[in-house]
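Undergrad: Structure, please.
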Amino acid sequence: MRFLMMVRANQDTEAGVMPSDALIAAMTKYNEEMVKAGVLLDAAGLQPSANGARVRFSAGNVTVIEGPFDSRELIAGYWLIQTKSKHEALEWAKRCPAPHGEHADGVIELRQLFELDDFDPSPAIDEARRLEQQLAKKK
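TA: Numbering: from 1, shown residues only. Model (predicted):
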């Protein structure tokens, strides 16, 4: 099972305030533990939304909206992990250092990714599975 652990943004992350050396060290240690356990697939911090954009699709129209955006709706970073269960993923999330520093409020949202096996069989799913296998061979 794959899960996305997302760190919610706050005013500091949106202002481009970089994490302290202590937080970077704690996060590095945490990431190393996940690598050793074989659960970490990917992880990264995201730049402020002022450097990003949204692409909106509505009634056949496509609109690009430049950032910044309201920080209550944003993600500041993520981990992509693979675990045997939701319980195991939650245990990893609970072990994470406080994402905005030891004394600051923070939220990590955990969401399970869909796998192709979650969908009913169909020609489209068969084609998606073929492509997934083809991409796996290239790694």
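
Undergrad: Next, Glu91: secondary structure please.
TA: Put simply, Glu91 is helix when judged by DSSP: H, G, I helix; E, B strand; the rest coil.

Undergrad: neighbours around it, how many?
TA: 11 (other C-beta atoms under 10 Å). Quick note: C-beta positions are derived from backbone N, CA and C, even for glycine.

Undergrad: what pLDDT does it get?
TA: Per-residue pLDDT puts Glu91 at 98.

Undergrad: and it, what does it touch?
TA: Residues counted as contacts of Glu91 (C-beta atoms under 8 Å, 6 or more residues apart in numbering): none.

Undergrad: how about the strands in this protein?
TA: With DSSP state E as the criterion, the chain has strands at 2-8, 40-45, 53-58, 61-66, 75-82, 108-112.

Undergrad: State the distance from the most centrally placed residue in the chain to Pro121.
TA: Closest to where the C-alpha atoms of the chain average out (C-alpha atoms, centre = their mean) is Tyr78, at 3.2 Å. Noted for Tyr78: a distance of 31 Å to Pro121, by C-beta to C-beta, to the nearest Å.
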